[in-house]
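Peer 1: Compute the structure for the input listed below.
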Amino acid sequence: MDISLSIQPLPAKHSGLHLMANLYQVSATPAMLDAQQCRVLCQTAVSHANLTMVGDFFHGFDEGGGVTGVVVLAESHLAIHTWPESNYVTLDVFVCNYNQDNTANARALFEALISHFSPAEVKRFETERG
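Peer 2: All right, here's what the predicted structure looks like:
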């Protein structure tokens with residue numbers, strides 16, 4: 001059986017920006033340890049970045065074990081994972097630019113969260129989607 005794949009570029013209206021970061025030597029904050037604190041941090045940052053939250057889920061691991069969370073945005077998503085025992089945090093912000101260009105809002109959200117954790121080192125990754 002011969003299966004051929006055809007990859008077609010998406011129309012410009014499907015474009016988006018995907019920002020990712022690894023944060024090293026992070027200052028300890030309550031948001032690294034407590035799911036509710038992390039939720040409030042992320043909800044506040046999303047609101048200040050003028051993005052639209054449609055839902056979220058945060059999970060705290062056993063004592064001192066960190067937090068994993070996701071905020072579903074009308075524009076796409078924010079994901080965060082913390083490892084307090086290693087002073088390490090990962091961030092993932094993806095926004096679509098369907099109805100408007102959300103690039104500046106995504107960058108504002110991303111930078112606010114990075115600033116909150118005050119890492120000594122940041123490795124950033126960025127890609128255009130679509």
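
Peer 1: alpha carbons only for contacts and neighbour counts from here, please
Peer 2: OK.

Peer 1: after the helix or strand that contains H18, next one along is what?
Peer 2: Element membership for H18 (DSSP states H and E) is strand 16-24. Next in sequence after strand 16-24, counting helices and strands by DSSP H and E, comes helix 30-33.

Peer 1: how about the helix or strand just after that following helix as PDB, C-alpha atoms only?
Peer 2: As assigned by DSSP H and E, the chain's next helix or strand after helix 30-33 is helix 35-48. Output of helix 35-48 as PDB, limited to C-alpha atoms (Å, rounded to 0.1, in the frame of the first residue of the first chain):
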ATOM      1  CA  ALA A  35      -0.900  24.600  42.800                       C
ATOM      2  CA  GLN A  36      -3.300  27.400  43.900                       C
ATOM      3  CA  GLN A  37      -0.500  30.000  44.100                       C
ATOM      4  CA  CYS A  38       0.600  28.900  40.600                       C
ATOM      5  CA  ARG A  39      -2.900  29.200  39.300                       C
ATOM      6  CA  VAL A  40      -3.300  32.700  40.700                       C
ATOM      7  CA  LEU A  41       0.000  33.800  39.200                       C
ATOM      8  CA  CYS A  42      -0.900  32.400  35.800                       C
ATOM      9  CA  GLN A  43      -4.500  33.800  35.800                       C
ATOM     10  CA  THR A  44      -3.200  37.200  36.800                       C
ATOM     11  CA  ALA A  45      -0.500  37.200  34.100                       C
ATOM     12  CA  VAL A  46      -3.000  36.100  31.400                       C
ATOM     13  CA  SER A  47      -5.300  38.900  32.400                       C
ATOM     14  CA  HIS A  48      -2.600  41.500  32.400                       C
END
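
Peer 1: tell me which residues in helix 35-48 are buried?
Peer 2: 35-39, 41-43, 45-46 (16 or more other CA atoms under 10 Å).

Peer 1: what sits up against it?
Peer 2: Helix 35-48 is touched from outside by 30-32, 52-53, 56, 58-60, 67-69, 71, 109, 112-113, with contacts defined as CA atoms under 8 Å, 6 or more residues apart in numbering.

Peer 1: I am finished for the moment; much appreciated.
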